[in-house]
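A.B. asks: what shape does this take:
(chains A, B, C and D)
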There are 2 protein chains.
Amino acid sequence: MPSVNLPLADDRAAAPDAATAALRRFNRFYTRFAGVLGPGYMGSELSLIEARILYEIAKGQPLASKRIVEALSVDPGYLSRILRRFTQQGWIARTRGADAREHPVRLTPVGETFFSELDRATAASTSATLAHLSRDEQAGLAERLAWIEARLAGAPLPPPAIRLWQPGDMGLITAQQAVYYRNAYGWGDTMEVLIGEITSRFVRDFQDRREQCWVAERHGELLGSVFLVAETDTVARLRLLYVDPAARGHGLGGDLVGRCIAFAREAGYAELVLWTHTVLASARAIYADHGFVIESAETHDEFGKPEQSEHWRLVL
Amino acid sequence: MPSVNLPLADDRAAAPDAATAALRRFNRFYTRFAGVLGPGYMGSELSLIEARILYEIAKGQPLASKRIVEALSVDPGYLSRILRRFTQQGWIARTRGADAREHPVRLTPVGETFFSELDRATAASTSATLAHLSRDEQAGLAERLAWIEARLAGAPLPPPAIRLWQPGDMGLITAQQAVYYRNAYGWGDTMEVLIGEITSRFVRDFQDRREQCWVAERHGELLGSVFLVAETDTVARLRLLYVDPAARGHGLGGDLVGRCIAFAREAGYAELVLWTHTVLASARAIYADHGFVIESAETHDEFGKPEQSEHWRLVL
DNA sequence: CGAGATAGTTGACAAAGTCAAATAATTGCC
DNA sequence: GGCAATTATTTGACTTTGTCAACTATCTCG
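C.D. replies: As a prediction, the model looks like this:
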């Protein structure tokens, strides 16, 4: 379910701290929403923290208190008492760690049973919340949650996955690049038409063994793409290389070009050509890195304003 | 920043309760994330609940305890004590309501000052969390939060907004319809090409006064679209009417067709024609409702399998 | 070996939250 | 109009939750 990020005119008019307001609003909403699920966790006798602690133990198995304190930022003294209660319930047992200061805990069989029941009940309750959503909406929800978590956590994002094209990709690619080149370089509607024609033609004339399109995707978001099309029997053309600004600087463009070159060699082409523009500095750097050289240059006016374009070639 | 929901092959392979797992995971993440902001709210002396109560009062001004209890599901006794503390602090004053059982509270000037400082501090802190995100990411975040809140709250979704097309829409429309017709009717790649060509041509030959495209959008999601293009001087053609399954049954398709008809009349066309398929029952119903009648029908094989198609006409 | 750090526990509290009974006002019903 | 039932809020008497600092048992490093 890939989507593309298209900043549009009306978004720009929005207040600069609209995002702040949105997050605060969501915060209010979610504390209430989760709070409904929360106190007296899922009808069990556990409080939310206790449930979280049990979850950490179940996940980490022989787990020192210290780890729980770190993971949940709970007071060590408080934790100690909770763990004693768990022990009295027969859910956990203390073990000896390599370091004898630690008294790692693990679930007893009774604890395993209790936890798995709790887990199942929680899942069922969450699932019920989601029951009124359609399959597509559920998938959309999961994707959005992952996206949000990644950004808010400030955690390093996973590298985008590169895959072959599939139906639906062409339109997204067209939209993404058209909007990007409009915003970044002021290239007009003709650009959108041009890209649309290239992608349409690609699907129409697609030759399995001699042509290909690669797409980079992360959390359902399109982050880059490149096309390799047959020009003649011996010449292949690389087209529409694109890397989203959000994904630049991690070698994604190079990866995509690398795939093209490898594929072109496999397919038995003698050379690989491409057409690009002088303003597209980072793309040019990638081409140069991979051994492409400029054959010729010319200025044209197809994008609504004059641009210097260049023809590059790589002998395979 | 519209996006489209494209259910793809690999998504279908995902476990049926992937969404449940995702929500539970997010729950764990967000309680921790919000918890960081939470206890000892934003460095103020208030707890999270106290801050929320103050927020409700500031928002609702003369506000009966009862309302707060409802909004926040806090214990009335507990609230009573908190309100007494607020009164002692000089932040709020009790008033008499029309119903003398109620003792609505409102902020004193001191309270107003205190609240606005707290509010500013909270906003600043939230804003700081968002500082490492780009403009686009912030906008994307806000949209996703709103989307999620709407689904999880189970609140009635706002009706989609209908607007005129803008750059980038064409690709999204193409992708959306291509994927939909593939999944729902098994129409193949030619369909994607066909739609892509129609949308490309629309942008290329766009005539401001005689042609138009309307797009329905909600929370950044494309939910429907329709095109009106000039066929001859006196005949206009309605093309590519589409309403997302998620938005059906609320008259959106009718609205879109209505806009086309109104525009066609304005623009001075004598008639409006369209081409559709017998399997597209709901679209056909809309056309019939708006006075279109079938002129002719034929079977063709352009979509990868034989389909019965129909030509409809409306005299304006 | 011994000083200083680390993991966990305990005692003594403070804060947060709950529940039922009490109070004051209102509504509905004859 | 009067009285029982209901509603909004408060209060007392609790329990639970959470905090902080002191304490014990180990470990680490020179």
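
A.B. asks: give the bridge partners for A:I162, please.
C.D. replies: For A:I162, the beta-bridge partners under DSSP bridges are A:A216.

A.B. asks: list the contacts of the residue positioned nearest the centre of chain A.
C.D. replies: Most central residue of chain A, judged by C-alpha distance to the mean C-alpha position with C-alpha atoms, centre = their mean, is A:R218 at 2.5 Å. A:R218 makes contacts with A:L157, A:P158, A:P159, A:P160, A:A161, A:A247, as judged by C-beta atoms under 8 Å, 6 or more residues apart in numbering or on different chains. All C-beta atoms are positioned from the backbone trio N, CA, C, and that covers glycine.

A.B. asks: who wins for most neighbours among these?
C.D. replies: Scoring those on neighbours with other C-beta atoms under 10 Å in any protein chain shown, the highest-scoring entry is A:P160 at 22 neighbours.

A.B. asks: these two touch, right, it and A:V243?
C.D. replies: No. No contact is recorded between A:P160 and A:V243 when judged using C-beta atoms under 8 Å, the distance being 9.2 Å.

A.B. asks: name the residues contacting each of the two.
C.D. replies: Residues touching both A:P160 and A:V243 by C-beta under 8 Å, 6+ apart: A:A216, A:L223, A:G224, A:L252.

A.B. asks: keep only those of these that are in helices.
C.D. replies: Assigned to helices by DSSP state H, the following of those qualify: A:L252.

A.B. asks: what helix or strand is the closest residue to DNA strand C within the stretch 51-200 of chain A on?
C.D. replies: Proximity to DNA strand C, evaluated over the stretch 51-200 of chain A using C-beta to the nearest atom of the strand, is greatest for A:G77 at 2.6 Å. Element membership for A:G77 (DSSP states H and E) is helix A:76-89.

A.B. asks: how about that helix: buried residues?
C.D. replies: A:L79, A:I82, A:L83, A:F86 (16 or more other C-beta atoms under 10 Å in any protein chain shown).

A.B. asks: how far away from the center of its chain is stretch A:199-219?
C.D. replies: The offset between the C-alpha centroid of stretch A:199-219 and the centroid of the whole chain comes to 21 Å, using C-alpha atoms, centre = their mean, to the nearest Å.

A.B. asks: equivalent analysis for stretch A:91-108, please.
C.D. replies: Using C-alpha atoms, centre = their mean, the distance from the centre of stretch A:91-108 to the centre of the chain it belongs to is 38 Å.

A.B. asks: which stretches of chain A have low pLDDT?
C.D. replies: Counting by pLDDT under 70, the low-confidence segments of chain A come to A:1-16, A:35-44.

A.B. asks: what is the neighbour count of A:R135?
C.D. replies: With neighbours defined by other C-beta under 10 Å, the count for A:R135 comes to 13.

A.B. asks: what does A:G249 give?
C.D. replies: The burial count assigned to A:G249 is 10, neighbours taken as other C-beta under 10 Å.

A.B. asks: now the one 10 residues further on
C.D. replies: Here the neighbour count serves as a burial measure; for A:R259 (other C-beta under 10 Å) it reads 16.

A.B. asks: cool, and the one 4 residues further on?
C.D. replies: Residue crowding around A:F263 was assessed by other C-beta under 10 Å; the count is 18.

A.B. asks: where do the helices of chain A begin and end?
C.D. replies: Using DSSP H, the helices of chain A run over residues A:9-13, A:18-37, A:48-60, A:65-72, A:76-89, A:109-129, A:135-153, A:169-185, A:189-204, A:252-266, A:281-289.

A.B. asks: between the longest one and helix A:18-37, how many degrees?
C.D. replies: Our comparison of helix A:109-129 with helix A:18-37, counting by axes from the mean of the first three to the mean of the last three C-alpha atoms, to 10 degrees, yields an angle of 120 degrees.

A.B. asks: how about A:P104, phi and psi?
C.D. replies: Dihedral pair for A:P104: phi -60, psi 150, per degrees, to the nearest 10.

A.B. asks: that one: neighbouring residues, count only.
C.D. replies: Neighbourhood size, A:P104 [other C-beta under 10 Å]: 21.

A.B. asks: now for it: which residues touch it?
C.D. replies: If you count contacts by C-beta under 8 Å, 6+ apart, A:P104 has them with A:P62, A:L63, A:A64, A:R94, A:T95, A:R96, A:G97.

A.B. asks: ok, now how distant is A:D289 from A:V257?
C.D. replies: As judged by C-beta to C-beta, to the nearest Å, A:D289 and A:V257 stand 8 Å apart.

A.B. asks: one more: A:I294?
C.D. replies: In this structure, A:I294 and A:V257 are separated by 16 Å, where distance is defined by C-beta to C-beta.

A.B. asks: higher neighbour count, the two?
C.D. replies: A count of neighbours by other C-beta under 10 Å puts A:V257 above the other of A:I294 and A:V257, at 24 against 14.

A.B. asks: so the more buried one touches A:R239, yeah?
C.D. replies: No. Using C-beta under 8 Å, A:V257 is not in contact with A:R239, being 11.6 Å away.

A.B. asks: any residues in contact with both of the two?
C.D. replies: Residues touching both A:V257 and A:R239 comprise A:V226, with contact defined as C-beta under 8 Å, 6+ apart.

A.B. asks: reformat the helices of chain A as TSV; add distance to B:E271.
C.D. replies: Formatted as TSV, these follow (distance: least, C-beta to C-beta, whole Å):
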stretch	distance to B:E271
helix A:9-13	34
helix A:18-37	45
helix A:48-60	65
helix A:65-72	69
helix A:76-89	76
helix A:109-129	51
helix A:135-153	37
helix A:169-185	30
helix A:189-204	28
helix A:252-266	49
helix A:281-289	49
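
A.B. asks: tell me which of these is the most buried.
C.D. replies: Mean neighbour counts were compared across these using mean count of other C-beta atoms under 10 Å in any protein chain shown; the top stretch is helix A:169-185, at a mean of 24.

A.B. asks: quick check: angle from it to helix B:135-153?
C.D. replies: Compare the direction of helix A:169-185 with that of helix B:135-153 by the same axes, to 10 degrees and you get 140 degrees.

A.B. asks: helix A:169-185 near chain B at all?
C.D. replies: Yes. Using C-beta under 8 Å from any C-beta of the partner chain, a contact is recorded between helix A:169-185 and chain B, made by A:D169, A:M170, A:G171, A:L172, A:I173, A:T174, A:A175, A:Q176, A:A178, A:V179, A:R182.

A.B. asks: show the contacting residues for the residue nearest to the second one when sequence neighbours are not counted.
C.D. replies: Using C-beta to C-beta, 6 or more residues apart in numbering or on different chains and skipping the chain neighbours, the partner closest in space to A:M170 is A:T199 (3.9 Å). Counting by C-beta under 8 Å, 6+ apart, A:T199 touches A:M170, A:G171, A:I173, A:T174, A:F227, A:L240, B:G196.
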